[in-house]
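Trainee: what's the 3D shape of this:
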Amino acid sequence: MTKHPTSTEFIMAGRRLRRRRWILVTGLLAVLACSLCIAMLLLGNTIYPLSKVLRALSGEQLKGVSFAVNTIRLPRMLAGLFAGFAFGVAGYTFQTMLRNPLANPNVIGITSGSSAAAVFCIVILHAGGAVVSFAAVIAGLATVILIYFLSRGRAFSIGRLILVGIGIQAMLDAVISYLLLISSEKDVPTAIRWLTGSLNGSQLSELPPLVLTVLICAPVIALLGKHLDILELGEQSASSLGVHTDKTRILLIVASVCMIAIATATTGPIAFVSFLAGPIAKRLVGVGFSGVIPAGLVGVVLVLAADLIGQFAFVTRFPVGVITGLLGAPYLIYLLIQMNRKGEL
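Mentor: Predicted coordinates:
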């Protein structure tokens with residue numbers, strides 16, 4: 001007599017299958033990210049063998065190699081690694097929490113808030129480093145609060161929040177343009193390079209705030225990953241399942257904004273990484289397990305791959321933000337068309 005699996009056994013088998021898929025996809029993304037990190041260290045005007053790169057990283061002084069690897073390529077790679085992870089995780093968090101693929105820091109104005117504060121510090125105060133990072137974080141949080149209060153109305157609406165965010169973004173972009181117009185000529189190239197989103201000129205001394213923020217905030221969001229996925233079901237469903245929605249949202253928003261603001265202050269607003277990473281990660285890992293870590297790894301892959309393409313695929317070298325913008329803009333247009341057809345806009 002054939003024994004048919006019970007419902008519990010069928011559910012557990014499906015869960016094991018989804019877990020294996022999550023582990024496989026996450027592992028492959030991690031391997032791809034590591035491969036791109038190695039490529040960032042090996043490739044440049046001169047291609048160095050891995051053995052020499054490892055010797056330079058260990059502290060051995062090799063003529064030409066040590067300077068190129070430790071001073072130029074290593075900071076560039078680390079900036080792309082941690083900024084890409086921050087953009088990916090923060091974008092996925094906002095999209096999942098607000099249940100809308102348009103609800104990411106680039107589209108709803110959070111990145112523009114951090115950018116405006118950073119440009120003000122660069123071109124008006126002539127500040128840098130910790131001052132720019134602090135101003136970017138404060139401005140990012142202030143932008144979130146402003147968007148939330150302006151979008152409340154009689155009842156909270158995600159669509160209204162997105163529209164308000166787009167309006168705030170347009171206003172902040174105008175502020176940035178004004179700051180550039182009144183700034184001195186010597187500050188404009190720095191601000192423009194920064195606004196484009198670039199890993200050029202990254203220095204190890206500028207990276208500790210970014211690294212520390214990611215190492216603190218990313219685990220917080222990862223630990224809240226299950227609650228984040230439950231929030232996607234809606235306010236009432238999340239509350240009925242025991243999630244403290246207000247506290248969870250506050251923690252997720254503060255951690256995400258801190259990461260996105262510090263990353264923006266370090267590399268500039270690299271376009272569309274936070275917009276693309278979440279949907280790609282969800283498509284790859286499927287449902288059932290948190291996409292926080294996969295989204296971060298997708299962000300790393302997007303940033304490092306785009307930077308390599310910008311450096312070596314064309315006669316003219318392009319900043320990483322130009323390449324990610326070329327990738328993200330068509331997807332944004334496609335998404336807007338699809339949402340309009342479904343009546344979600």
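
Trainee: name the helices or strands packed onto the helix or strand hosting residue 283?
Mentor: Counting by DSSP states H and E, the element that carries residue 283 is helix 273-285. Packing contacts for helix 273-285, counted by 3 or more C-beta pairs under 8 Å, 6 or more residues apart in numbering; DSSP states H and E, involve helix 7-42, helix 74-97, helix 292-312, helix 320-341. From N, CA and C alone the C-beta is placed, and that goes for glycine too.

Trainee: if you compare these, which one is most tucked away?
Mentor: For the helices and strands packed on helix 273-285, ranked by mean neighbour count under the definition mean count of other C-beta atoms under 10 Å, the leader is helix 74-97 at a mean of 28.

Trainee: let me know the angle separating it from helix 320-341.
Mentor: Angle, helix 74-97 to helix 320-341, by axes from the mean of the first three to the mean of the last three C-alpha atoms, to 10 degrees: 10 degrees.

Trainee: quick one, what contacts the nearest residue to residue 275 once chain neighbours are set aside?
Mentor: Leaving out its chain neighbours, the residue that sits closest to residue 275 by C-beta to C-beta, 6 or more residues apart in numbering is residue 104, at 4.9 Å. Contacts for residue 104 (C-beta atoms under 8 Å, 6 or more residues apart in numbering) come out as 90-91, 94-95, 274-275, 278.

Trainee: now do the contacts for residue 117.
Mentor: Taking C-beta under 8 Å, 6+ apart, one finds 132, 135-136, 138-140 in contact with residue 117.

Trainee: in whichever strand or helix holds residue 167, what's buried?
Mentor: Residue 167 is located in helix 158-182, with elements delineated by DSSP H and E. By 16 or more other C-beta atoms under 10 Å, the buried positions in helix 158-182 come out as 161-165, 168-169, 172, 175-176, 179.

Trainee: between those, which is closest to residue 307?
Mentor: Nearest to residue 307 among these: residue 176, at 23.2 Å, using C-beta to C-beta.

Trainee: just the ones of the contacts of residue 117 in helices?
Mentor: Of the contacts of residue 117, the ones assigned to helices by DSSP state H are 132, 135-136, 138-140.

Trainee: tell me, what's the model's pLDDT at residue 235?
Mentor: Residue 235 is assigned a predicted lDDT (pLDDT) of 67.

Trainee: list the contacts for the residue nearest to residue 294 when sequence neighbours are not counted?
Mentor: Once flanking residues are discounted, residue 294 sits nearest to residue 281: 4.0 Å by C-beta to C-beta, 6+ apart. Contacts for residue 281 (C-beta under 8 Å, 6+ apart) come out as 88, 92, 291, 294-295, 297-298.

Trainee: okay, residue 109: pLDDT?
Mentor: pLDDT for residue 109: 79.

Trainee: which of the helices or strands spans residue 257?
Mentor: Going by DSSP H and E, residue 257 is part of helix 245-267.

Trainee: isn't residue 62 up against residue 55?
Mentor: Yes. In this structure, residue 62 is within contact of residue 55 by C-beta atoms under 8 Å, at 6.2 Å.

Trainee: tell me the mean pLDDT over stretch 97-105?
Mentor: The average pLDDT for stretch 97-105 rounds to 77.

Trainee: cool, stretch 178-185 as well?
Mentor: Mean pLDDT, computed over stretch 178-185, is 84.

Trainee: which residues are in contact with that stretch?
Mentor: Stretch 178-185 has contacts (C-beta under 8 Å, 6+ apart) with 116, 119-120, 123-124, 188, 191-192.

Trainee: hang on, isn't residue 74 packed against residue 41?
Mentor: Yes. Contact criterion C-beta under 8 Å: residue 74 and residue 41 qualify, at 6.7 Å.

Trainee: any shared contact partners between the two?
Mentor: The overlap between the contact sets of residue 74 and residue 41 (C-beta under 8 Å, 6+ apart) consists of residue 57.

Trainee: of the contacts of residue 117, closest to residue 8?
Mentor: Checking the contacts of residue 117 against residue 8 by C-beta to C-beta gives residue 140 as the nearest, at 45.5 Å.

Trainee: hang on, the earlier thing: and the contacts of residue 104, which is closest to residue 204?
Mentor: residue 90 (23.3 Å).

Trainee: residue ranges in the stretch 101-250 of the chain under the pLDDT threshold?
Mentor: Applying pLDDT under 70 to the stretch 101-250 of the chain flags residues 128-129, 153-157, 234-235.

Trainee: how about residue 99: what's its closest non-neighbour residue?
Mentor: Of all residues not flanking residue 99 in the chain, residue 232 sits nearest, at 5.5 Å (C-beta to C-beta, 6+ apart).

Trainee: who's in contact with the residue nearest to the spatial centre of the chain?
Mentor: Centroid-nearest residue in the chain, with C-alpha atoms, centre = their mean: residue 87, separated by 0.7 Å. Contact analysis of residue 87 by C-beta under 8 Å, 6+ apart lists 105, 260, 263, 270, 273-274, 277, 299, 303.
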